[in-house]
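Participant: what shape does this take:
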Amino acid sequence: MVQRVISQVPDTAKREDRFEELVGQFGKWQMLIIGTVSLVKLSSGWVQMAILFLTPKLTFWCSNFANTSRIVENNTCYADCVKYEYDASPFDNTIVSEWDLVCDRSWLASFTQMILQLGILIGSILFGFLSDRYGRKITFLISITGVIVLGFGVPFSPNYTVFTVLRFFLGMATAGTMVVSFVIIMEAIGSKYRGVVGCLFQVPFIIGHITVPLFAYFFRSWDSYSLALAVPPIIYLGYFFLLSESARWLVSVGRLDEATRIVKKAALINNLPTAKIEDTIKKISQDISSSDAPKQNYSALFRRSLRLKTACTCIIWLITGVTFFGFNQYISQTSPDPFVSVAAAGAIQIPSNFIAIWLISALGRRNTTIVFCMFGGVCALALALVPNVFWITLTLGTLGVSAAAIVATTIYIHTTELYPTVVRNMAMGACSTSMRVGSMIAPFISNLSVTVWWLPTLIFGVAPICGGLICFLLPETKGKNLPDSLEDVSNG
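Facilitator: Residues are numbered from 1 along each chain as shown. Below is the predicted model:
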């Protein structure tokens with residue numbers, strides 16, 4: 001029985017992708033999708049990097065003791081202190097000075113970022129599942145609505161608890177836009193161009209990263225800064241009128257009439273023939289239906305043909321989260337000018353992504369990941385050996401960020417190409433979840449420098465090197481068609 005079913009499914013490595021035959025690998029239709037959908041990455045950069053200017057280091061001192069007076073020192077905690085005052089310059093007010101997040105409450109400053117990343121973690125799982133079950137479009141629209149509404153709620157938070165809760169749900173909504181937007185784009189692009197487009201898709205996030213210091217420079221109070229970051233995403237309301245459902249997803253769930261209409265529209269935009277579209281889509285649906293398609297839950301990711309890939313990709317994503325966010329925090333902590341350091345860490349990623357475009361095509365997905373995991377690890381280990389001079393640490397740190405960014409871009413593409421359509425978004429959600437776990441761990445690793453100064457750089461160095469070694473267990477996907485069924489994965 002198994003042999004008969006497999007014989008009916010063409011080997012995806014040897015056939016032309018029928019969707020590419022219908023809509024082309026890259027044309028005006030694909031450009032429209034990329035140009036519109038990728039804009040959501042701007043806000044994901046703002047949301048995740050905003051904390052660097054919400055909780056910067058500041059000077060504080062005790063201004064009122066209980067029933068006594070004494071000479072005080074800056075940045076010193078006293079058990080009988082009733083009130084602390086702050087010098088937040090170059091800022092007017094931060095959440096640290098607003099809600100007294102110093103001394104025994106200092107952990108709350110890091111905790112609010114951990115909660116944001118926890119929201120992204122949970123959102124990655126939830127929206128990945130919802131997208132595979134109910135469709136890319138509706139899930140995406142729910143996510144962007146959440147980003148807009150919650151973004152405007154954050155600056156009006158009356159206390160720390162409300163602020164942190166709103167940031168948690170903002171993280172969830174942001175995760176939905178990140179996971180679903182990437183899959184929408186990858187399912188529209190031909191295999192020849194996925195590497196280039198996957199790299200370019202990260203550019204809006206980088207622009208968001210670079211422009212965060214610009215917002216912080218002109219808006220020096222935490223609430224006006226948060227409000228300024230919430231305004232631009234209003235343009236996302238246009239998705240309600242512009243976005244179409246993924247034709248691949250529609251075919252995978254048997255909604256052929258809708259898929260046919262979308263594919264015909266795409267073919268017309270790309271000046272391609274439409275005569276054979278309906279018959280071809282029916283054939284694709286029959287191929288998928290005749291295969292043993294996994295049920296739409298996360299257990300499908302651990303079937304025999306996928307379990308090793310799932311374990312390896314999740315570990316690599318976790319390590320990437322640790323190194324990327326850890327390097328960024330390290331740079332911001334060692335810089336006397338946070339505006340310069342954060343902008344530099346973001347700016348280095350732009351040439352890195354264009355370099356990644358060439359590397360992914362020349363070396364392949366797997367080899368690019370391996371090389372830059374190793375390179376990032378070496379940069380981190382070098383930080384423990386060089387003098388503690390700002391420009392030296394900034395250079396090594398930004399190179400480490402650059403390496404982690406290239407790995408993140410490459411593993412995004414690689415993961416998308418490893419999984420079949422029916423579980424692709426769940427796989428992206430699971431892997432993104434792993435990255436969030438890494439980003440939640442990163443601040444705590446960075447803080448280890450208070451007790452053991454060399455330990456964070458050791459961890460940030462060894463972890464990506466291990467990730468590079470693990471990547472040897474994954475197959476190369478360069479130039480291969482996106483699999484639609486489990487048999488495509490098994491036979492590919």
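
Participant: next, E85: phi, psi?
Facilitator: Torsion angles at E85 (phi, psi; degrees, to the nearest 10) stand at phi -120, psi 160.

Participant: who's the closest spatial neighbour of it, skipping the chain neighbours?
Facilitator: Distances taken as C-beta to C-beta, 6 or more residues apart in numbering place S63 nearest to E85, at 4.4 Å, with adjacent residues excluded. All C-beta atoms are positioned from the backbone trio N, CA, C, and that covers glycine.

Participant: just W454 next, same as before
Facilitator: W454's closest residue in space is A384 (C-beta to C-beta, 6+ apart), at 4.5 Å.

Participant: could you do T177 as well?
Facilitator: In space, and not counting its chain neighbours, T177 is closest to V40: 4.1 Å by C-beta to C-beta, 6+ apart.

Participant: that neighbour reaches L141, doesn't it?
Facilitator: No: applying C-beta atoms under 8 Å as the test, V40 and L141 come out as separate, 11.2 Å apart.

Participant: which residue ranges of the protein form strands?
Facilitator: 59-65, 81-87 (DSSP state E).

Participant: select, out of those, the one closest to I360.
Facilitator: Among the strands of the chain, strand 59-65 comes nearest to I360, with 45.8 Å by C-beta to C-beta.

Participant: against which helices or strands is the closest one packed?
Facilitator: Counting contacts by 3 or more C-beta pairs under 8 Å, 6 or more residues apart in numbering; DSSP states H and E, strand 59-65 packs against strand 81-87.

Participant: can you give me the offset of the strand it packs on from its chain's centre?
Facilitator: Mean C-alpha position of strand 81-87 versus that of the full chain (C-alpha atoms, centre = their mean, to the nearest Å) differs by 38 Å.

Participant: between the strands of the chain, which gets nearest to A345?
Facilitator: Each of those has some distance to A345 by C-beta to C-beta; the shortest is strand 59-65, at 24.1 Å.

Participant: what about the residue nearest to W454, neighbour count?
Facilitator: 14 (other C-beta atoms under 10 Å).

Participant: any idea how far P336 is from it?
Facilitator: 21 Å (C-beta to C-beta, to the nearest Å).

Participant: what do you get for S44?
Facilitator: In terms of C-beta to C-beta, S44 sits 28 Å off from P336.

Participant: more neighbours, these two?
Facilitator: Shown here are S44 and P336; by other C-beta under 10 Å, S44 has more neighbours (21 against 8).

Participant: so who does the residue nearest the centre of the chain touch?
Facilitator: Most central in the chain under C-alpha atoms, centre = their mean is M178, positioned 6.1 Å from the mean C-alpha point. Residues near M178 by C-beta atoms under 8 Å, 6 or more residues apart in numbering: V40, K41, S44, I120, S124, S432.

Participant: who wins for most neighbours among these?
Facilitator: I120 (29 neighbours).

Participant: where does the prediction get shaky in the stretch 1-150 of the chain?
Facilitator: Scanning the stretch 1-150 of the chain for pLDDT under 70 picks out 1-17.

Participant: which residues in it form helices?
Facilitator: 2-8, 18-23, 28-37, 40-49, 51-54, 95-98, 107-134, 136-153 (DSSP state H, counting those that start in this stretch).

Participant: please identify the most buried of the ones you listed.
Facilitator: helix 40-49 (a mean of 24; mean count of other C-beta atoms under 10 Å).

Participant: relative to helix 136-153, how tilted is that one?
Facilitator: Interaxial angle, helix 40-49 versus helix 136-153 (axes from the mean of the first three to the mean of the last three C-alpha atoms, to 10 degrees): 40 degrees.

Participant: tell me how far I413 lies from I360.
Facilitator: Taken as C-beta to C-beta, the span from I413 to I360 is 7 Å.

Participant: meant to ask about I284
Facilitator: Separation of I284 from I360 (C-beta to C-beta): 27 Å.

Participant: which one of these two has more residues nearby?
Facilitator: Higher neighbour count among I284 and I360: I360, with 24 against 21, using other C-beta under 10 Å.

Participant: so what's that one scoring on pLDDT?
Facilitator: Here the pLDDT value assigned to I360 is 83.

Participant: is it true that it touches G479?
Facilitator: No: using C-beta under 8 Å, I360 is not in contact with G479, being 11.0 Å away.

Participant: and of the helices of the stretch 1-150 of the chain, who's closest to T280?
Facilitator: It's helix 18-23; of those, that one is closest to T280 (C-beta to C-beta) at 5.4 Å.

Participant: can I get that closest one in PDB? Just the C-alpha atoms.
Facilitator: Provided in PDB are the C-alpha atoms of helix 18-23 (Å, rounded to 0.1, in the frame of the first residue of the first chain):
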ATOM      1  CA  ARG A  18       3.600  23.300 -10.800                       C
ATOM      2  CA  PHE A  19       2.900  26.600  -9.000                       C
ATOM      3  CA  GLU A  20       6.000  28.100 -10.700                       C
ATOM      4  CA  GLU A  21       4.700  26.900 -14.100                       C
ATOM      5  CA  LEU A  22       1.400  28.800 -13.400                       C
ATOM      6  CA  VAL A  23       2.600  32.100 -11.900                       C
END
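
Participant: can you tell me which residues contact S439?
Facilitator: If a contact means C-beta under 8 Å, 6+ apart, then S439 has Q48, Q117, I120, G321, V322, F324, F325 as its contacts.

Participant: show me the contact partners of stretch 62-80.
Facilitator: T59, F60, W61, C81, V82, K83, Y84, E85, V102, C103, D104.

Participant: of those, just the buried ones, ChimeraX syntax please.
Facilitator: Remark: buried members of these, expressed as a ChimeraX selection using 16 or more other C-beta atoms under 10 Å:
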select :60,81,84,102,103
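
Participant: point out where the stretch 201-350 of the chain drops to low pLDDT.
Facilitator: For the stretch 201-350 of the chain (pLDDT under 70), the answer is 288-297, 333-334.

Participant: run the last query once more with 80
Facilitator: Scanning the stretch 201-350 of the chain for pLDDT under 80 picks out the ranges 202, 273-275, 277, 280, 283-305, 329-337.

Participant: can you map out the helices along it?
Facilitator: With DSSP H, counting those that start in this stretch as the criterion, the stretch 201-350 of the chain has helices spanning 203-218, 222-230, 239-242, 247-252, 256-269, 277-290, 307-334, 338-347, 349-363.

Participant: which one of the contacts of stretch 62-80 is nearest A173?
Facilitator: Nearest to A173 among the contacts of stretch 62-80, with distances taken as C-beta to C-beta, is V102, at 30.4 Å.

Participant: what's that closest one sitting at in phi/psi?
Facilitator: Dihedral angles (degrees, to the nearest 10) for V102: phi -130, psi 170.

Participant: next one: the one 4 residues further on
Facilitator: The phi/psi pair for S106 (degrees, to the nearest 10) reads phi -70, psi -30.
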